[in-house]
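Chemist: quick one: sequence and predicted model below, then my questions.
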Amino acid sequence: MAILGPAIQEGMLNTSESLRNRQISPIEALPDETLLTIFDFCRAASVRRTFQWPGPWPRVWRNLVHVCQRWRYVVFSSPLRLDLRLYYSDRHRSSLREMLDVWLPFPIEICCYNVRGNLIAALEHRDRICELRFELSSSEWEKLARVTEMQMPFPALTCLRLGLRSWSGPVPATLLGGSAPSLRSLYIHSVPFPTLPQFLLSCNDLSELYLQNIPKLGYITPEAMVTVLSALTKLTCLYIWFDHPYEEIQLAPSPTRAVLPALTEFKFHGVNEYSEDLLARIAVPQLETLSVMYEHEPHVFDISQVISHSLPLGPFHHAEVTFSSLRIGIGLYQSEETYSLKTFKLSFDQSAPGYEAESIAQMCTLSPLLPSVTELDIGSDLSFSGLDFKDLEDLRDQSVWLALFHLFPSVRTLRLSSHIRPFVVSFILSSLLGEGANDVLPELQNLYLTDRGRRDEPEERAIELLIAASQNTDHNVTVHRLPYRDWCELDRY
């Protein structure tokens, strides 16, 4: 309660005492700590869902304090736990000074879409600003670069988000005085920041670094990236997205590995050469999640070489494979829970027809990680990409499924989503009844099919034959037909 004045503290304590001396309702019978836990849950549920827009928490906690005096007391007595902050945007009609006159001296979060007078005046309170979020056009970036306050340090700043609505020139080297020693989270989206390596060397407490869709002017070589990362000893989350390397990458024969002692999550989106060079230069002893997305790779390369032995992943017991018209992805997990520790995800963006066979050939290089997988889910991301069911017609090629299932010799449980089911059922049926039936999924015991979606007569007939074949004593496979609501509990796509 140190942030509250003595008079406010005394008034809150008197309020709490008066509540205890009168008859109370059931909700008021809850201890303060229980209420605080509920409010903290509301805060956690009000996370920011996009790069640009804040979550609803700044509005939620202000509603809570108007319910009654006791709730006001509970909220204001835990400003750090509840992350109480004042949210201000250039879209506010009133000035920040009017807001500061009403509320207690909480940290300030500022969101800027246009560089206007009220916003410039708000930046004068840089000693209390804990988060800055800029989503600007090119002309607005030029205005911001001329604002004197943006060239000075922000001692309380812990989160900085820089986004771009259209093409822009580079972020000036004078931003924030060229350093941000208290920064813990940095998000850069589509903004060229040529002096970023020097800027990051001042961020000793940085925990999260997101570099998304970085243009050519902001490109950082793998060698320079490792130099920066080695200084960020508290970094836990790293996301790098460069569309192209923009220069030929020369792989170091035996580079000295830089240890990233706190990194638990690493996501990469780009080309193989960059990730191969970068991963060859780092050791990540605490890594829990590795997610890699490659774009338009012209040839098959050995992913096992990209995933260095310094990355402590596996063994994996659960796998997910997803298809769309332009992408195939695989996720590997230590257990059935998709949010379990030790997660590896890999996907390929392709534009050429028949990409499925090429991508599965690429997945074959993961074969050393797959023999321990006992549960396999296969689905599609059509519902998210807006694609049509016909975009998956190439999956009727049974050679695709033969190559895929050969990667999972120990699978005992197989789940098929509604979009994938029509392409797989006939293949599994022929595998159970045909010659060499034990060569494909030899350990399969349970097959789950969702009943969602329209089925044509050949597919329905194939399902009936599959069920009949599974009941044969020679085949120890049980087929489960699930209503869609039950499938949702299993579906992870």
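Modeler: Everything's here; your move. Residues are numbered from 1 along each chain as shown.
Chemist: helices of the stretch 51-200 of the chain, start to end?
Modeler: 57-64, 69-76, 96-102, 117-122, 138-145, 196-200 (DSSP state H, counting those that start in this stretch).
Chemist: so where's the stretch 351-493 of the chain shaky on pLDDT?
Modeler: Along the stretch 351-493 of the chain, segments meeting pLDDT under 70 span 351-358, 381-395, 432-438, 451-459, 469-475, 483-493.
Chemist: on that earlier part again, of the helices of the stretch 51-200 of the chain, give the one that comes closest to residue 176.
Modeler: Residue 176 sits nearest to helix 196-200 of all these, at 8.0 Å, using CB to CB. (C-beta placed from N, C-alpha, C; glycine too.)
Chemist: pLDDT (mean, whole number) over that closest one?
Modeler: Regarding helix 196-200, the rounded mean pLDDT is 93.
Chemist: got the contact list for that helix?
Modeler: With CB atoms under 8 Å, 6 or more residues apart in numbering as the test, helix 196-200 has contacts from 171, 173, 175, 178-180, 186, 188, 193, 206, 209, 211, 218, 220, 224-225, 227-228, 231-232.
Chemist: need the next SSE after it, C-terminal direction.
Modeler: strand 208-214 (DSSP states H and E).
Chemist: can you name every helix or strand that the very next helix or strand once past that following strand contacts?
Modeler: Counting by DSSP H and E, the next helix or strand C-terminal to strand 208-214 is helix 222-229. Here helix 222-229 touches helix 196-200, strand 258-259, helix 272-280, going by 3 or more CB pairs under 8 Å, 6 or more residues apart in numbering; DSSP states H and E.
Chemist: could you list the buried residues of helix 222-229?
Modeler: Neighbour counts over helix 222-229 (16 or more other CB atoms under 10 Å) mark 222, 225, 226, 227, 228, 229 as buried.
Chemist: hmm, which of these is lowest in pLDDT?
Modeler: residue 222 (88).
Chemist: which SS class is residue 411?
Modeler: With DSSP: H, G, I helix; E, B strand; the rest coil as the basis, residue 411 sits in coil.
Chemist: turn the buried residues of helix 222-229 into CSV, columns for distance to residue 136.
Modeler: CSV is the format used below for the buried residues of helix 222-229 (distance: CB to CB, whole Å):
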residue, distance to residue 136
222, 29
225, 26
226, 31
227, 29
228, 25
229, 28
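Chemist: where along the stretch 351-493 of the chain do the helices fall?
Modeler: Taking DSSP H, counting those that start in this stretch to define them, one finds helices in the stretch 351-493 of the chain at 355-363, 382-385, 398-405, 421-433, 457-470, 484-490.
Chemist: what is the burial count for residue 35?
Modeler: 18 (other CB atoms under 10 Å).
Chemist: cool, residue 196 as well?
Modeler: Neighbours of residue 196 under the rule other CB under 10 Å: 23.
Chemist: residue 396 now?
Modeler: 12.
Chemist: just give me the closest of the buried residues of helix 222-229 to residue 347.
Modeler: Using CB to CB, these come closest to residue 347 at residue 222, 21.0 Å.
Chemist: contacts only, for residue 164.
Modeler: By CB under 8 Å, 6+ apart, the contact set of residue 164 is 135, 136, 137, 138, 141, 189, 190, 191.
Chemist: find the nearest non-adjacent residue to residue 145, please.
Modeler: Of all residues not flanking residue 145 in the chain, residue 172 sits nearest, at 4.9 Å (CB to CB, 6 or more residues apart in numbering).
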